[in-house]
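Trainee: Pasting the sequence and the predicted model now:
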Amino acid sequence: MRRQTTHGARRPSDVDRDYRKRGRHEPRTGGSVFDGNAKAKTVPTRRLLISKEGVESEMAKVVLKAPDGPPSDVERIKQESRYLRGTLAETMEDPLSAGIPDDDNRLMKFHGSYLQDDRDVRTERQKQKLEPAYQFMVRVRTPGGVATPEQWLVMDELARKYANGTLKLTTRQAFQLHGVLKWNVKKTMQAINGALMTTLAACGDVNRNVMCNPNPYQSEVHAEVYEWAKLISDHLLPRTRAYYEIWLDDEKVAGTPAVDGEEEPIYGPTYLPRKFKIGIAVPPSNDVDVFSQDIGFIAIVEDGKLAGFNVAIGGGMGMTHGDKTTYPQLAKVIGFCKPDQVVEVAEKIMTVQRDYGNRSSRKHARFKYTIDRLGLEAVKEEIERRLGWRLGEARPYHFEHSGDRYGWVEGVNGTWHFTLFVEGGRVKDYDDYKLMTGLREIAKVHTGDFRLTPNQNLVIANVTSEKKPEIEALIAEYGLTDGRRYTALRRNALACVALPTCGLAMAEAERYLPKLLDKIEEIIDENGLRDEEITIRMTGCPNGCARHVLAEIAFVGKAVGKYNMYLGAAFNGTRLANCTAKTSAKKKFCANCAFSYPAMRKSVLTVNISATSSSAPASSKK
């Protein structure tokens, strides 16, 4: 019998059965300082924890505290919201405005949506004394980026019926719909949930979409890692009934986590100080940019089996222009856990941030700042205290690249996977390229699934040998491309949405980057680098949605037509880029790139050599 969940219909896996049979909060014994019946290993007294027999050690307790200062207004909104209810139900039915009040918009994020407006017409509407052209972005939470063909068809229909006719594939392996009017948000939410997906916790001060390698059918290890990603995602979902009351008329989708008594046993009434991100990488691929995550799990494979995960904490890409107290930072590896410990490890780490994160200053509220303020060792010790056992020693690993493998790849189980190049992650029909229509026709006959990649591309996955000719024929009919006719630079490009919908954007990104690449590719050809794998990313602001400081070349919007230029990150995602040119106008980009590219031959060689390193990256502050 098939079990339905919010992430689609599937059979319970061995991972599922073992974890649920053991119980969500049952203490684990693996990975402690005790090894079977052997004597305790020698560790400093202040680091000893709890033995298997439950005897507490004489660990010197480190006193941790949250920073001083009054809570921000967002904390008040959460506290008074009655577990994310606020007045959303009433304001969404108010016919007098296409927008909603700011307090409710803060809560709306937890439900997976942002109030935005069309900034292309903002000034003109102001002149006409009209309110902004309000619209909503709706984000769909898809752990590991997996969607069934049926779910793809639902998203395709919603994009054309209620949104702006396009789908955005995000850098966190999620769907985004843009241009949804207020009157259509509830119908959109209901259709998404009817397809066994959810928007709950796709945004807001909670754990966001859990990322992992997008092709779990590539090996048995990939499949197992994907199962753990789903379990982490389910376990850390908010339990409030508000989502179902407001959008689904209190109907609960089959498989949605339930809880008796407390509304939020993990989060509490004010949830987290800021957003929280988790990603799982399977070396040698670092496509999830694991060191950009609040928690990065690095799968350790030994003798073809998943031995466990190295645990890295404290990554984050965002910063504020001109404020040196904010900075991007790579996560730091603090230890190792076994597979059946990973869900508990994720929870305990997140609760440290819940209790000690900065709730006064939101720009200093991410986990990386909590770690830097309290100290890495103190945070690690608190994590282990909450676990009741010590993390193991980190194990060797190496990353080679952070890009996608385009075209057809045969899986270990006899199925095939086709990675499609989707420029900017934007699925739409162009005059001469019917991308959206082609994918719709493929979804109608596909018996496998779709995988959204962290690089904004799409894998048509789990194609049987019998179905492969039919899928190949549709790919050819609609001219769908694996990107091999483009430069490697374009295939490794990322851009956030930015203008005209993002309220934080200071400059263009998705709409401008392809035009910039047209010019840069001339320099690429002159330097013989057409097939060199070089990453380039553009963001409309410094918040880091496209993980800009992990690109070898990056442009970060600072004002309309002006960007900061970054160079020098590692292609495998283990080194941050440095700002080399501030407030560069568009016309200076090519001059800067022309200066930089002759040296790229050496830098590419350096990146390829350094990619074999198994040591954890050092943090870097800007």
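Mentor: All right, it came through fine.
Trainee: how about stretch 194-203: buried residues?
Mentor: 195-203 (16 or more other CB atoms under 10 Å). The way it works is simple: take the backbone N, C-alpha and C, and place the C-beta from them, glycine included.
Trainee: would you put the C-alpha positions of that stretch in CSV?
Mentor: The C-alpha coordinates for stretch 194-203 follow below in CSV (Å, rounded to 0.1, in the frame of the first residue of the first chain):
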residue,chain,number,x,y,z
GLY,A,194,-3.9,19.0,-3.4
ALA,A,195,-0.9,17.8,-5.3
LEU,A,196,0.8,16.7,-2.1
MET,A,197,3.2,19.6,-1.9
THR,A,198,3.3,22.4,0.6
THR,A,199,4.4,26.1,0.9
LEU,A,200,4.6,25.9,4.7
ALA,A,201,8.1,27.1,6.0
ALA,A,202,9.3,27.7,2.5
CYS,A,203,10.1,31.2,3.8
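Trainee: gap between it and the chain center?
Mentor: Its chain's C-alpha centre lies 15 Å from the corresponding centre of stretch 194-203 when counted by CA atoms, centre = their mean, to the nearest Å.
Trainee: repeat for stretch 406-418
Mentor: Its chain's C-alpha centre and that of stretch 406-418 lie 24 Å apart, by CA atoms, centre = their mean.
Trainee: Can you give me the buried ones in it?
Mentor: 406, 408-409, 411, 415-418.
Trainee: Start and end of it, how far apart?
Mentor: Start-to-end span of stretch 406-418 (CA to CA, to the nearest Å) is 7 Å.
Trainee: State the mean pLDDT of it.
Mentor: Mean pLDDT, stretch 406-418: 91.
Trainee: Equivalent analysis for stretch 565-585, please.
Mentor: Per-residue scores along stretch 565-585 average to 91.
Trainee: Tell me which residues are up against whatever helix or strand residue 439 lives in.
Mentor: Assigned by DSSP states H and E, residue 439 belongs to helix 435-445. Helix 435-445 is contacted from outside by 149-150, 152-153, 156, 159, 166-167, 422, 427-429, 450, 458, 460, 467, 470-471, 474-475, 477-480, using CB atoms under 8 Å, 6 or more residues apart in numbering.
Trainee: Of the buried residues of stretch 194-203, just say which sits nearest to residue 131.
Mentor: Nearest to residue 131 out of the buried residues of stretch 194-203 is residue 203 (CB to CB; 22.9 Å).
Trainee: wait, isn't the closest one in contact with residue 107?
Mentor: No: look at residue 203 against residue 107 with CB atoms under 8 Å: they stay out of range, at 10.5 Å.
Trainee: For the buried residues of stretch 194-203, give me CSV that also has distance to residue 319, secondary structure and pLDDT.
Mentor: Formatted as CSV, the buried residues of stretch 194-203 follow (distance: CB to CB, whole Å; DSSP: H, G, I helix; E, B strand; the rest coil; pLDDT from 0 to 100):
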residue, distance to residue 319, secondary structure, pLDDT
195, 37, coil, 99
196, 37, coil, 98
197, 32, coil, 98
198, 31, strand, 98
199, 28, coil, 99
200, 28, coil, 98
201, 24, coil, 98
202, 23, coil, 99
203, 20, coil, 98
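Trainee: Most widely separated two among the buried residues of stretch 406-418?
Mentor: The largest distance within the buried residues of stretch 406-418, taken as CB to CB, falls between 406 and 415 and amounts to 17.4 Å.
Trainee: Just give me how far stretch 421-438 sits from the chain centre.
Mentor: Counting by CA atoms, centre = their mean, stretch 421-438 comes out at 23 Å from the chain centroid.
Trainee: Okay, and the beta partners of residue 301?
Mentor: residue 306 (DSSP bridges).
Trainee: which ones are touching it?
Mentor: 221, 282-283, 307.
Trainee: if we take these, which one ends up nearest to residue 582?
Mentor: For those, the residue nearest residue 582 by CB to CB is residue 283; the value is 35.2 Å.
Trainee: for the stretch 201-350 of the chain, what spans make up the helices?
Mentor: Using DSSP state H, counting those that start in this stretch, the helices of the stretch 201-350 of the chain run over residues 220-235, 242-247, 342-356.
Trainee: Output those as JSON lines; include the columns mean neighbour count and mean pLDDT.
Mentor: Formatted as JSON lines, the helices of the stretch 201-350 of the chain follow (neighbours: other CB atoms under 10 Å; pLDDT from 0 to 100):
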{"stretch": "helix 220-235", "mean neighbour count": "22", "mean pLDDT": "96"}
{"stretch": "helix 242-247", "mean neighbour count": "21", "mean pLDDT": "98"}
{"stretch": "helix 342-356", "mean neighbour count": "22", "mean pLDDT": "99"}
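Trainee: Looking at those, which is nearest to residue 101?
Mentor: Closest to residue 101 of those is helix 242-247 (CB to CB; 15.1 Å).
Trainee: distance between the closest one and the chain's centre?
Mentor: With CA atoms, centre = their mean, you get 24 Å for helix 242-247.
Trainee: Now tell me what touches it from outside.
Mentor: For helix 242-247, using CB under 8 Å, 6+ apart, the contacting residues are 82-85, 88-89, 92, 111, 186, 189-190, 193, 198, 200, 250-252, 256.
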